[in-house]
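Novice: Return a 3D structure for these sequence lines:
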Amino acid sequence: MTLSKALVPSQSLLTRAVMVLGGSLFIALAAQVSVPMLPVPMTLQTLAILIVGFALGARMGALTLLAYLGEGAMGLPVFANGMNGIAFFGPTAGFLVGFVAMAAMVGYAADKGAKGFLPTALVALLASALLYIPGVAWAMSLAELAGIDTAKWGADNVGMVWQYYMAPFLAGDAVKAVIAALVVTGGWAALKNRKA
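Specialist: The predicted structure follows:
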């Protein structure tokens, strides 16, 4: 059972639609808290995605991310730094698409009963790490297609990919995974106390 089902046991279609739209708005707001970095900015977007996925479950979490991507594709400035669908053609597109899998993965763990701090934090860390696969692959492929010398970004070997594309973001990802786990376990504790 997820937090959303525990909080609102009878979920009508309207209720689920409001949750999806509310979740996509939460992610859009978190995306605007941004630290400029290359090749992509560091934002609170992934923290919001982790929380949404854990709270809503796999299906609703993935639907929320699809709604979020759809809002951007329609031209709404929901992506980092107020970007819209144009971001699908830039270096962040792999991360954007990977967000759907990220929400589904943590949501699946929530569906299967992950509630405690340690399992939630570990799933959040794993999902954050796996996000680099589509993210880095897309950024490097785009650079190749555009004829950009990726060696100047350090993308000419695995060690340099690690140093420039991943390492600068890992500490932030770990902190966001811990915060998401604290929020989720705190939400469960608050529900338990309310019922007591």
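Novice: Please name the residues that touch Gly116.
Specialist: Listed by C-beta atoms under 8 Å, 6 or more residues apart in numbering, the contact partners of Gly116 are Thr185. Just so you know, the C-beta spots here come from the backbone N, C-alpha and C atoms, and that holds for glycine as well.
Novice: Phi and psi next, for it.
Specialist: phi -70, psi 160 (degrees, to the nearest 10).
Novice: got it, and Val35?
Specialist: According to degrees, to the nearest 10, Val35 has phi -110, psi 120.
Novice: Can you name the residues bridging to it?
Specialist: On the basis of DSSP bridges, Val35 is bridged to Met42.
Novice: For burial, what's the neighbour tally of it?
Specialist: The local packing of Val35 (other C-beta atoms under 10 Å) involves 12 other residues.
Novice: now this protein, which segments are flagged as low pLDDT?
Specialist: Along the chain, segments meeting pLDDT under 70 span 38-40, 142-161, 163-165, 196.
Novice: Which residue ranges of it form helices?
Specialist: 3-7, 13-31, 45-56, 58-73, 93-111, 117-130, 132-145, 158-161, 167-195 (DSSP state H).
Novice: so which of those helices comes closest to Ile86?
Specialist: helix 58-73 (8.8 Å; C-beta to C-beta).
Novice: residues in contact with the closest one?
Specialist: When contacts are defined by C-beta under 8 Å, 6+ apart, helix 58-73 is touched by residues 2, 4, 16, 19-21, 23-24, 27-28, 49, 52-56, 78-79, 83-85, 87-88, 96-97, 99-108, 110-111.
Novice: Which among the residues you listed count as buried?
Specialist: Buried members of the contacts of helix 58-73, scored by 16 or more other C-beta atoms under 10 Å, are 2, 4, 16, 19-20, 23-24, 27-28, 49, 52-56, 78-79, 83, 85, 87-88, 96-97, 99-108, 110-111.
Novice: just to revisit the earlier point, tell me which of the helices of the chain sits most buried.
Specialist: helix 45-56 (a mean of 28; mean count of other C-beta atoms under 10 Å).
Novice: Next, the angle helix 93-111 makes with that helix.
Specialist: Put simply, helix 45-56 runs at 30 degrees to helix 93-111, going by axes from the mean of the first three to the mean of the last three C-alpha atoms, to 10 degrees.
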